[in-house]
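In: 3D model of this:
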Amino acid sequence: AVVSTQSTGASGNTFPLTFGSPYKAIYDNSNVKQVDLPSTTGHFGILPQHVPTIAILVPGTVSIHTESGEVEKYFVSSGTATIHADSSVQILAEEICAVADIDENAVRSGLEAAQSKLSSASNEADKAAAQIEVDVYQSMMAA
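Out: Take a look at the predicted model:
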C-alpha cells in the first residue's frame with residue numbers, strides 16, 4: 001500500500017518523503033518525522049530543514065519514522081537519496097524489501113554461495129561481481 005498525504009514542504013517537525021523502486025512505491029509525498037539511511041559516506045539521518053544533499057545508497061536498512069511515531073524498516077540494495085531545498089526527500093532504490101520479510105535462511109544460503117563464487121573467481125570482473133553479492137547478503141544479515 002502506498003502512503004500518500006500530498007505535502008509540499010517541511011511543516012514543523014515533518015517533511016514530505018517519496019520512497020520507491022522501479023517496481024513499487026512505498027511513500028508518495030507523505031509526511032514523516034525522520035529518515036535514516038545507508039550511504040557511501042556513512043549512515044545518516046534526515047530531519048526537517050536538512051541541508052540539500054544528494055547521496056548514493058549502499059546495501060542496508062532505511063528506517064522511516066512516521067508521523068505517528070512508528071519506525072518502519074526497509075532493506076535497499078542500492079539507489080539514490082535527494083534532499084531538496086524545500087526539505088522534500090526523494091529516495092529511489094533498485095530493490096526494496098521490508099526487513100520483516102527477509103528470510104534469514106535464504107540469506108544465509110545466498111551468502112555461502114556468494115562467498116564460494118568469490119573464492120573461486122578467476123578474473124577481476126568475476127571477483128568484483130561476487131564481492132558485491134557478498135556485501136549485499138552481509139548487509140541483509142545485519143538488517
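In: distance check, Thr18 against Ser30.
Out: To Ser30, Thr18 is 8 Å away according to CB to CB, to the nearest Å. Yep, even glycine has a C-beta here, placed from its N, CA and C like the rest.
In: which of the two has more neighbours?
Out: For Thr18 versus Ser30, the count of surrounding residues by other CB atoms under 10 Å is larger for Ser30: 21 against 17.
In: make sure that one is indeed in a strand.
Out: Yes: assignment of Ser30 by DSSP: H, G, I helix; E, B strand; the rest coil places it within a strand.
In: who does it form a beta bridge with?
Out: Ser30 has the following beta-bridge partners by DSSP bridges: Leu17.
In: surely it is in contact with Pro16?
Out: Yes: counting by CB atoms under 8 Å, Ser30 touches Pro16, with 6.7 Å between them.
In: between the two ends of stretch 18-28, how far is it?
Out: 5 Å (CA to CA, to the nearest Å).
In: which helix runs longest in the protein?
Out: helix 124-142 (DSSP state H).
In: list the buried residues for it?
Out: Within helix 124-142, the residues that count as buried by 16 or more other CB atoms under 10 Å are 130, 133-134, 136-137, 139-140.
In: Ser21 and Ala128, how far apart?
Out: 23 Å.
In: then Val89?
Out: Counting by CB to CB, the gap from Val89 to Ala128 is 31 Å.
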